[in-house]
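Student: Structure of the sequence below:
(chains A, B, C and D)
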Amino acid sequence: MEGNNFTDEELSSDMEFDLDPCFINTKYECLRPTPLKPKYNQCLVELLEVIEHARELNGEERNALSYRHAIAALKAYPRNIESYAEARKIIGIGPKIGNHIKEFLTTGTIPEAEEINASEKYQTLDIFSRVYGVGYKTARKWYQKGYKSIRECMKDPYLTHVQRLGLELFDDFQKKMSRQDIQEILDILNKVIKTMYPDCMITPVGGYRRGKEFSGDLDVVVSHPQETVANNLLKDIVEILINKGHLKHKLFYGQPSAKNKKDVPSELISSHKNIMDNLDKCFCAFIQPSTRICRQVDLIIAPYSQYPTTVLGWTGSKQFERSIRNFAKKEKKMTFASHGLFLNVVPRRRVCVTSEKDVFDILGIPWVEPEMRNC
DNA sequence: AGGCAATACG
DNA sequence: CGTA
DNA sequence: GCCT
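Tutor: From the prediction side, this is the model:
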């Protein structure tokens, strides 16, 4: 070190190697805002997302998760990454992904991502996995059987009921909804549901609430101040939507059957009587009047007391949800789920919340607008 | 070396 | 177990 | 694949 009379200033003023001070460098994505459309690192993020998706299709979930962490950080980063050293300082970017970034900085692309994009196999797996009811296992099975198109998959003799529906509705479900399309459906839901239950609360969640310009589906959380009324909510709503000709199919219909069976060491879980607090939901194919296109609409019913956590839990993004759950468990000895916030002490205790912000406050997470939860 | 979100349905 |  |  002798002879090197660098001042602190000089040592740390290599902007190239310093993280932007505005960036919140954390492994918990929920602790910082992540915009839907970042101003920086867009191209890099797109390429890394290609690799991430390929890992998922390959069944390498943990590997894919690592890419997701890195991508989330880059989306939140307030300027373009300019060096390998800079990238490596970001929590979540290790040697492998760091090398991809180095390649990108010198060549303008990532070879592995280019190979994946050019691969017929991945193009096909990608299509198959977009079918409702089909994950990477089924997609790969179909690919191995030699299927090349959705049409060929429809001839498969082992389709589940849901997969058959997913294939039949594939073309419609592929069509993205504009915010106006979604508003049209929301207007109908509001009118139909409030005519029957004037006090019903109806909140659109999912990507729409996060500000997405186009959505593949619409998620809606419905609740009612009177728990007794809320009991038949889903059944009544689905029934009336069918009667009015809006619903074409039920893709998934789960009810809160009072079966809290299993080894339950009993009474625990909640201090209240809400053990049968399964959320009920109906994923359905909804015919949009103006276009006659079948839209995937997910109706989620929440007991009034769980309304805030359900809205938070269904707003996403997927990574934001994983992050907030992870943070709650690791840093606060709590469990967060759509059906509530719990303190993991001896008798596991439900923590009452009256708003979405309550959850952030209790967990000690700075408020993040829905539009900034796009990690 | 262990963990990576959580949970219900078919 | 596979999917959402 | 990355963090602890």
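Student: Thought residue A:56 was touching residue A:136, still the case?
Tutor: Yes: using C-beta atoms under 8 Å, residue A:136 makes contact with residue A:56 at a distance of 6.2 Å. To be clear about C-beta, it is placed using only N, CA and C from the backbone, and glycine gets the same treatment.
Student: So which residues on the stretch 1-150 of chain A come close to DNA strand C?
Tutor: Within the stretch 1-150 of chain A, the positions lying close to DNA strand C (C-beta under 7 Å from any atom of the strand) are A:131, A:132, A:133, A:134, A:135, A:136, A:137, A:138, A:139.
Student: Which of these sits closest to residue A:68?
Tutor: Of all those, residue A:68 sits closest to residue A:136, with 15.3 Å by C-beta to C-beta.
Student: Could I get the phi/psi values of that closest one?
Tutor: Dihedral pair for residue A:136: phi -70, psi -30, per degrees, to the nearest 10.
Student: Now do the closest residue in space to it that isn't next to it in sequence against residue A:147, distance only.
Tutor: Excluding its sequence neighbours, the residue lying closest to residue A:136 (C-beta to C-beta, 6 or more residues apart in numbering) is residue A:57, at 5.0 Å. Computed with C-beta to C-beta, to the nearest Å, the distance linking residue A:57 and residue A:147 is 15 Å.
Student: Low-confidence bits of chain A, can you list those?
Tutor: Counting by pLDDT under 70, the ranges of chain A that qualify are A:1-16, A:255-279.
Student: Next SSE downstream of the longest strand along it?
Tutor: Ranked by number of residues, the top strand in chain A under DSSP state E is strand A:294-303. Downstream of strand A:294-303, the next assigned helix or strand under DSSP states H and E is helix A:307-315.
Student: hmm, back to that, residue contacts, the residue nearest to residue A:136?
Tutor: Contacts for residue A:57 (C-beta atoms under 8 Å, 6 or more residues apart in numbering) come out as A:122, A:125, A:126, A:129, A:136, A:139, A:140.
Student: isn't the second one right up against residue A:141?
Tutor: No: with contact defined as C-beta under 8 Å, residue A:125 does not count as touching residue A:141 (10.5 Å).
Student: ok, these two, which is more surrounded?
Tutor: Each of residue A:125 and residue A:141 has its neighbours counted (other C-beta atoms under 10 Å); residue A:125 has more, 21 against 14.
Student: any idea which helix or strand carries the more buried one?
Tutor: Assigned by DSSP H and E, residue A:125 belongs to helix A:120-129.
Student: Can you spell out which helices and strands pack onto that helix?
Tutor: Taking 3 or more C-beta pairs under 8 Å, 6 or more residues apart in numbering; DSSP states H and E as contact, the helices and strands that helix A:120-129 lies on are helix A:42-57, helix A:136-144, helix A:150-153.
Student: rerun at 10 Å
Tutor: Helix A:120-129 sits against helix A:42-57, helix A:111-118, helix A:136-144, helix A:150-153, helix A:170-174, with contacts defined as 3 or more C-beta pairs under 10 Å, 6 or more residues apart in numbering; DSSP states H and E.
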